[in-house]
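Visitor: Sequence first, then the predicted structure, then my questions.
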Amino acid sequence: MSQLRDIDDYLRMAVENGASDLHLSVDAPPAARINGAMIPLEDFVLTPEATRTLVFSTLSETQRSKLETEWELDYAIEISGLGRFRANVHYARNHIEAAFRHIPPEVPDLSQLGHSPTIERFCQERRGLILVTGVTGSGKTTTLAAMVKRIAETRSGVIITIEDPVEFLLPHRSCLIKQREIGKDTKSFTMALRQALRQDPDVIVVSELRDLETIRIALTAAETGHLVLATLHTIDAPQTIDRLVDVFPPDQQQQILAQLSNVLEGIICQRLLPKADGTGRVLASEVMCVNYGLRSCIRDRKIEQLVGLMEIGSKEGMHTIDDSLDLLLRQGTITREEALFQCRDKQRFLPPAPARTK
């Protein structure tokens, strides 16, 4: 059995192997997520004591106390020569375990991430709500940081971010950027969002719309002339609308639909898919630019019509997830199996039937 290394060594091994995440779990080897697959970093499993030692080496006394009280902890750490990591510590089967996500030292450009020029255009908006959605690990935070970077490069103003925790460190550039972290700089998303309206913001960034009150204040901020960027854990544009509205009691939903139809400017739904050649992952996305027809559909909750309007809105910069998958498949970037697994309309991606012989 090899000797247990320290946490810096495991984080370094993960980064050097191109991993997005490092996982520490009891009765399993330290493991790195590389191109979506879990790869063990040792030939032995971690004991409860070893896992606890590795995790606690990254925590302050205050953080340890909070973990023991709340049983969960989100935080960020910085390792010299490696960069920043977002960490989550939690209990599983009464043992401490953890996941660490590597945050690249430089915020990439939107084009480097694979986004279309439409997303650059979203960054030019002066008011309204723009949502970046996707499952955990789909790159929402990176897209949000790239949008903030673009805004800060192209205009003057004040950008306030509300994050849990702060991940990318964003330089001021032409904008003054105030990055506020839950638990360090403010007590909650709701409180920070309310206070942000009194801090002379031009742009407000919310790392996650988690609850009814946060959504309500974000809609109000967008209504009152601010540009609000936020993320949600949804996989496509129709589901995003439903999720935002369903958070509210039935007697308030019509009012929320009216607000949403007025302030929503765009939705970016994204997924990171394995490349066909196994060399990494590639972005697939759905982009909705809210026009008059879409506003009407949202107001009347005709969610089933959104996909059709996106399909005919390509000249306005829109595309569905199936359009994105189709392009990636034709380029040979992803496999047909992956396209079939991810698509909305499977008939579009079924292989052509073999020709009949006479």
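Guide: All right, it came through fine. Numbering: from 1, shown residues only.

Visitor: And stretch 334-344, what's buried?
Guide: 334-335, 338-339, 342-343 (16 or more other C-beta atoms under 10 Å). For every residue, glycine as well, the C-beta is placed using N, CA and C.

Visitor: Please work out which residues outside that stretch touch it.
Guide: Among residues not part of stretch 334-344, those counted as contacts by C-beta atoms under 8 Å, 6 or more residues apart in numbering are 236, 271, 273-276, 282, 284, 307, 320-322, 325-326, 328-329, 346, 349-351.

Visitor: Dump that stretch to CSV, restricted to CA.
Guide: What follows is stretch 334-344, C-alpha atoms only, in CSV (Å, rounded to 0.1, in the frame of the first residue of the first chain):
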residue,chain,number,x,y,z
ILE,A,334,-19.8,13.9,-30.5
THR,A,335,-21.1,10.4,-31.2
ARG,A,336,-24.6,9.6,-32.4
GLU,A,337,-25.2,7.7,-29.2
GLU,A,338,-24.4,10.8,-27.1
ALA,A,339,-26.7,12.9,-29.4
LEU,A,340,-29.5,10.4,-28.9
PHE,A,341,-29.0,10.4,-25.2
GLN,A,342,-29.1,14.2,-24.9
CYS,A,343,-31.7,15.2,-27.6
ARG,A,344,-35.3,16.3,-27.3
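
Visitor: and it, what's its mean pLDDT?
Guide: For stretch 334-344, mean pLDDT is 97.

Visitor: rewinding a little: return the member of the buried residues of stretch 334-344 nearest to Asp109.
Guide: Using C-beta to C-beta, Ile334 comes nearest to Asp109 of those, at 22.5 Å.

Visitor: Confirm that closest one sits in a strand?
Guide: No: counting by DSSP: H, G, I helix; E, B strand; the rest coil, Ile334 is not found in a strand; it is coil.

Visitor: Check the gap between it and Lys346 for me.
Guide: 15 Å (C-beta to C-beta, to the nearest Å).

Visitor: before we move on, what about Phe44?
Guide: 43 Å.

Visitor: So, low pLDDT: which residues of the protein?
Guide: In the predicted model, the chain carries pLDDT under 70 at residues 1, 355-358.

Visitor: Quick one: the strands in it, in order.
Guide: Using DSSP state E, the strands of the chain run over residues 21-24, 31-34, 37-40, 72-79, 83-92, 95-103, 128-133, 157-163, 175-181, 203-206, 227-232, 264-274, 281-289.

Visitor: Residues in contact with the third one: which ones?
Guide: Yep, that's strand 37-40 we're talking about. 17, 19, 23, 28-33.

Visitor: Which pair of these spans the longest distance?
Guide: Pairwise distances across those peak at 17.3 Å for Asn17 and Ala28 (criterion: C-beta to C-beta).

Visitor: the more surrounded of these two?
Guide: Ala28 (15 against 12; other C-beta atoms under 10 Å).

Visitor: Phi, psi for the closest residue to that one other than its chain neighbours please.
Guide: Counting by C-beta to C-beta, 6 or more residues apart in numbering, Val45 is the residue found nearest to Ala28 once chain neighbours are left out, at 5.5 Å. Note on Val45: backbone dihedrals following degrees, to the nearest 10 are phi -100, psi 160.

Visitor: List the residues that contact Val45.
Guide: Here Val45 is in contact with 26-29 (criterion: C-beta under 8 Å, 6+ apart).

Visitor: what's the answer for Gly114, then?
Guide: With contact set as C-beta under 8 Å, 6+ apart, Gly114 has these partners: 282-283, 285.

Visitor: Export these as CSV, with columns for distance to Met38 and neighbour count.
Guide: Below are those laid out as CSV (distance: C-beta to C-beta, whole Å; neighbours: other C-beta atoms under 10 Å):
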residue, distance to Met38, neighbour count
Val282, 20, 18
Leu283, 21, 19
Ser285, 25, 26
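
Visitor: follow-up on the earlier one: which of the strands of the chain sits most buried?
Guide: Per residue and on average, the most neighbours among these fall to strand 203-206, with a mean of 26 (mean count of other C-beta atoms under 10 Å).

Visitor: Pull the contacting residues for the residue minimising distance to the centre of the chain.
Guide: By C-alpha atoms, centre = their mean, the chain has its centre lying nearest to Lys140, at 2.2 Å. If you count contacts by C-beta under 8 Å, 6+ apart, Lys140 has them with 132-134, 231, 270.
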